[in-house]
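Enquirer: Give me the fold of what follows.
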Amino acid sequence: MIIVPGQAGMVYLQGGPSHLDLWDPKDNVPDNVKSVFKKIATKVPGVDVTENLPKLARLTDKFTFIRAMSYTPNGLFNHTAAIYQIMTGYTTDKVSPSGQLEPPSPKDFPNFGSQIIRLRPQNVPMLPFVMLPRPLQESGVVGKGGTAGFLGKAFDPYTLYPEGDDMDMTKMDRIKVDDLQLRPEVFALRLQRRAKLRDALNAGMKSIDAAVSDYKLSEYYDRALSLIVSGRARDAFNLQAEPVKTRDLYGRNTFGQSCLLARRLIEAGTKVVEVIWPKVANSDNHSWDHHVDLTNRMRDRSGPMLDQGLSGLLTDLDQRGLLQDTLVVAVGEFGRSPQKGVSTSGNGNSADGRDHWPYCYTAVIAGAGIKRGHIHGQSDKTGSTPLSDPVHPGELLATIYHAFGIDPATMVLNHLNQPRELVKAEAVTRLFG
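Expert: Predicted coordinates:
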């Protein structure tokens, strides 16, 4: 049975985590392939992860591992091109020699969240699509793949990027949503009367309406009005309303509190939430881009943050009865090379580093009728290539659309009024059961 969800949340692990050092460990392999981390058993017999994920190991009966995510890139496969593909389902022709793309453009293919909220409009006064706590980013290319592109700005996500850099682990305590605040001197009824006056004036300005029609300003105005008057979105952003125990469950850091906020938004009626890993894709410290110092960074920083934040989200959603109607996907733009210290993308790597690897990696998918305690696909003995049931990023997006009851082959008109499929792939329906 397939349960059509009301909401979806993507935990996007930008940077590309190492599948071998997290959720697909291997035995009897050469030393330069084998993870330094010990294998541990999970709640599902015969399924192991590494010691970096003790909390998720106790929850494997709640989700499916897709252990054969796979694609072959065109040219160099650095982050931005791969991010654009997983977020939109399309690749782009304009790639620099480094593999990076041009900045975001109104001609871009839309983020999957924008497509969903256009085809499944919101029926409550709540933000339909939220992205937090930072933009998609590789070096100076910021936000590529994170907009509504040719659909128009009315379908852009609401972006919540608190002040503070990526090393500031308390910035979620300083969330500002002033644009959702109704000023004390403006009563809701007066604001609604102003909206009616605006509509009356617009009715007599046909030429101006025609000139700005592509910007879908009426949708902007109507959505903003209902959000501000209701106060529903503003209340959802109030993390201080959560019990201390719940906040601690997720982890007192940017990623953990972002996952908690995602749950609050879903509970309040947001249709799509994208939690972006809180570090520039190609950077250091808790970034997943482990070209160097993988052991220390994975063990002390990125690993514990992921384990606590994602396990907290799955546990909390399940206990509240929300997981049955909410699709949760955790995935990066690629995995990491099985061999350490080799270059696969033009980057340098230390003996304790792994390069980019799109040919085989792992995703987690849960909720909305997805099988529980299941493994879909299998990697080979070194985690280099799929042995069975490979899943292309486009097929993963098609599966997300399918879960919403949306045909992935649905046509949408681009900026040139040319018909384009949501994604040129079919849903992996065997993930449901």
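
Enquirer: Tell me the secondary structure at the nearest residue to His415 once chain neighbours are set aside.
Expert: With CB to CB, 6 or more residues apart in numbering as the criterion, His415 has its nearest non-adjacent residue at 4.1 Å, and that residue is Phe150. Any C-beta I mention is one placed from the backbone N, CA and C, and that applies to glycine too. What DSSP: H, G, I helix; E, B strand; the rest coil gives for Phe150 is helix.

Enquirer: I figured Phe150 hits Asp108, correct?
Expert: Yes. Using CB atoms under 8 Å, Phe150 is in contact with Asp108, at 6.9 Å.

Enquirer: These two: which is more packed in?
Expert: Set side by side, Phe150 and Asp108 show more neighbours around Asp108, with 26 against 22, by other CB atoms under 10 Å.

Enquirer: Give me the distance between that one and Ala148.
Expert: With distances taken as CB to CB, to the nearest Å, Asp108 is found 9 Å from Ala148.

Enquirer: got the residue ranges for the strands in the stretch 51-200 of the chain?
Expert: 63-69, 129-132, 137-138, 141-142, 158-159 (DSSP state E, counting those that start in this stretch).

Enquirer: Dump those strands into CSV; add mean pLDDT as well.
Expert: CSV is the format used below for those (pLDDT from 0 to 100):
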stretch, mean pLDDT
strand 63-69, 98
strand 129-132, 94
strand 137-138, 92
strand 141-142, 91
strand 158-159, 92
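
Enquirer: could I get the ones you listed as TSV with distance to Leu56 and mean neighbour count?
Expert: Output for these, formatted as TSV (distance: least, CB to CB, whole Å; neighbours: other CB atoms under 10 Å):
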stretch	distance to Leu56	mean neighbour count
strand 63-69	9	25
strand 129-132	22	26
strand 137-138	26	24
strand 141-142	30	20
strand 158-159	28	18
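
Enquirer: show me where pLDDT drops low in this structure?
Expert: With pLDDT under 70 as the threshold, the chain has low-confidence stretches at 1-6, 75-76, 93-101, 178-230.

Enquirer: Please, where are all the helices along it?
Expert: Remark: helices assigned in the chain by DSSP state H are 54-57, 79-88, 112-119, 188-203, 206-211, 217-230, 232-236, 244-250, 254-268, 294-297, 303-319, 393-403.

Enquirer: Tell me, how many residues neighbour Val328?
Expert: Val328 is flanked by 28 other residues according to other CB under 10 Å.

Enquirer: Enumerate the beta-bridge partners assigned to it.
Expert: Note on Val328: beta-bridge partners Gly9, Ala366, judged by DSSP bridges.

Enquirer: Out of the strands of the stretch 51-200 of the chain, flag the one nearest Leu310.
Expert: Among the strands of the stretch 51-200 of the chain, strand 63-69 comes nearest to Leu310, with 9.5 Å by CB to CB.

Enquirer: Using PDB, write out every CA atom in the closest one.
Expert: These are the backbone C-alpha positions of strand 63-69, laid out as PDB (Å, rounded to 0.1, in the frame of the first residue of the first chain):
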ATOM      1  CA  PHE A  63      13.600   3.200   7.300                       C
ATOM      2  CA  THR A  64      15.100   1.900   4.100                       C
ATOM      3  CA  PHE A  65      18.800   2.100   3.100                       C
ATOM      4  CA  ILE A  66      19.300   2.600  -0.600                       C
ATOM      5  CA  ARG A  67      22.800   1.200  -0.900                       C
ATOM      6  CA  ALA A  68      23.200   1.600  -4.700                       C
ATOM      7  CA  MET A  69      22.600   5.300  -5.500                       C
END
